[in-house]
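**Q** Mind folding the following:
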Amino acid sequence: MYLKTYPHTLELKYTFTLSHSSRKTTDIVIVELEHNGVIGYGEASLPPYYPETQASVIDFINRIPLIQDYDIIDPEIIIQSVHLLTDRDYAAKAAFDNAIWDWYGKTIGLPLYALWNLDIATIPPTSFTIAIDEPDVVRKRAADAHTFSRLKIKLGSKKDKEIVCAIRDVSELPLYVDVNQGWNDKYFALDMIGWLKEQNVVLVEQPLPVGLLDESVWLFERSPLPVIADESVHGIHDIDRIQGAFHGINIKLMKSGGLSMARGMISYAKKKQMKIMVGCMTESSCAISAASHLSPLADWVDLDGSLLVANDPFTGSALSDGKIMPRQIPGTGATLKYDFGN
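**A** As a prediction, this is how the structure comes out:
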C-alpha cells in the first residue's frame, strides 16, 4: 500500500464569518492511497480554529509505515491500528479512513451505502449555510438559495434578530440556526430560542460555549427547540458526558476521525435516544462525498460544504431535489478533476 499527500487551499465563494472568526480560504490535505492498482482518496479539512495544519496532517500520514505491506481484507483492522497512533489528529485520521474506504468500495465494486446496506431513498434534505453578514447581504443569499428546502444560518453576533428578519423578508424555508458558542448567557439563549421558534426555526446548534455544560443542561431542560451539540462533541467518548445537555449531536468526519468512527458514534448516540445531524466543514467534494454515505442514518443533513467552494478539485455527491445524493458508483463516488502530482 502506498500513501501520498497533497496540500491544497480551497477558495471560498464568499467570506465565511462565524461568531468567532472569518475566512476566505480553507486549507486541506488530500490523501491518495494506492494498493493493487486501485486508488482511494481522502481529505483532511483544516479550518483555522482547530489545531491541525497541513504540516501536522502530512506528518501523521508519514507515520503510518506499518501498514505499507498489509493486504487489506478488513479496513476496520487497519483503521483501528492507525487511530491508536495518537489521541488527536482527527482530520488526518479522517483523511486516511476515507481513503481506505474509497479504495475498498472500488475494489469490491460497491458504493459505500450499498456496502453498509443503507437506503439512500431515506436521505433527508441538506441545508444551505448562510454565514454572518450584513442583513442586505444575507437577504440576497437567502433569496438566491431557491434550489434548497432548508437554510442554515450562522448567528452569535449583535445582529442576530436582524439577520433572521432579513431572511424572513424573502424566504419562508425552515431554518437551522448555528450559534457556534456565540451566546454566553443561558437566560439570553432561552429567550432567543423562544423567539426563533416563532420564526419557523427547526433546531439550534451549540448555543453556549463548550465549558458551560451545567448551563447547557439547564437550557436543554427548558428549550422549546432541539439543541444540537457541535463543538461539545468530537468522538464517541463525549456522548455520555453531554447526554442530558443536548437533544442530538452534529457528527462531522473531521471531528470524529472518519467514516468508521462516525458510524460508531451514530449507533451509540441512537442507543442513547439522541438525534443525529451529519454535518461538515468547508470541504471539497472528496470529503462531502464520503460523508453523504452516512446520510441515510441522519435526522438532519448539512452537507453543503463543497457548494461554498470556488475551486473544488473533485466531483462527487451532488445536489438533487434539495438532497446531497451519493453517486451510484463504487467507493465514495469522489473523482479527482486533475492530477495533484503534476
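**Q** how about the helices of the stretch 101-250 of the chain, start to end?
**A** 112-115, 135-144, 160-170, 186-198, 213-222, 239-242 (DSSP state H, counting those that start in this stretch).
**Q** can you put those helices in CSV and add distance to Leu307 and mean pLDDT?
**A** For every residue, glycine as well, the C-beta is placed using N, CA and C. Converted to CSV, the helices of the stretch 101-250 of the chain look like this (distance: least, Cβ to Cβ, whole Å; pLDDT from 0 to 100):
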stretch, distance to Leu307, mean pLDDT
helix 112-115, 20, 99
helix 135-144, 12, 95
helix 160-170, 18, 97
helix 186-198, 24, 98
helix 213-222, 30, 99
helix 239-242, 29, 98
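**Q** nearest to Ile324, of the ones you listed?
**A** Evaluated over the helices of the stretch 101-250 of the chain, closeness to Ile324 peaks at helix 112-115, with 12.3 Å, by Cβ to Cβ.
**Q** Of the helices of the stretch 101-250 of the chain, flag the one that's most buried.
**A** helix 112-115 (a mean of 20; mean count of other Cβ atoms under 10 Å).
**Q** and the closest residue to Gly331 other than its chain neighbours, how far is that from His83?
**A** Among residues not flanking Gly331 along the chain, Gly105 sits closest, at 3.8 Å (Cβ to Cβ, 6 or more residues apart in numbering). To His83, Gly105 is 20 Å away according to Cβ to Cβ, to the nearest Å.
**Q** Check Asp214 too.
**A** 31 Å.
**Q** Equivalent analysis for Ser216, please.
**A** 28 Å.
**Q** before we move on, the earlier item: for the residue nearest to Gly331, grab the count of nearby residues.
**A** Number of residues near Gly105 (other Cβ atoms under 10 Å) recorded here: 25.
**Q** Okay, it and Val137: tell me how far apart.
**A** Distance, Gly105 to Val137, using Cβ to Cβ: 40 Å.
**Q** Next up, the contacts around Arg23.
**A** Arg23 sits next to 12, 15-16, 47-48 when contact means Cβ atoms under 8 Å, 6 or more residues apart in numbering.
**Q** got the helices of the stretch 101-250 of the chain as a markdown table, with distance to Tyr338 columns?
**A** Listed next are those as a markdown table, based on distance: least, Cβ to Cβ, whole Å:
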| stretch | distance to Tyr338 |
| --- | --- |
| helix 112-115 | 24 |
| helix 135-144 | 28 |
| helix 160-170 | 37 |
| helix 186-198 | 43 |
| helix 213-222 | 45 |
| helix 239-242 | 40 |
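**Q** So which of these is nearest Ser295?
**A** Across the helices of the stretch 101-250 of the chain, Ser295 has its closest neighbour in helix 112-115 (8.3 Å, Cβ to Cβ).
**Q** Distance from that closest one to the middle of the chain?
**A** On the basis of Cα atoms, centre = their mean, to the nearest Å, helix 112-115 sits 19 Å off its chain's mean C-alpha point.
**Q** Need the residues that contact that helix.
**A** 101, 104-105, 108, 119-120, 259, 290, 293, 296, 326, 331-332.
**Q** Just the buried ones out of these, please.
**A** For these, a burial check counting by 16 or more other Cβ atoms under 10 Å picks out 101, 104-105, 120, 259, 290, 293, 296, 326, 331-332.
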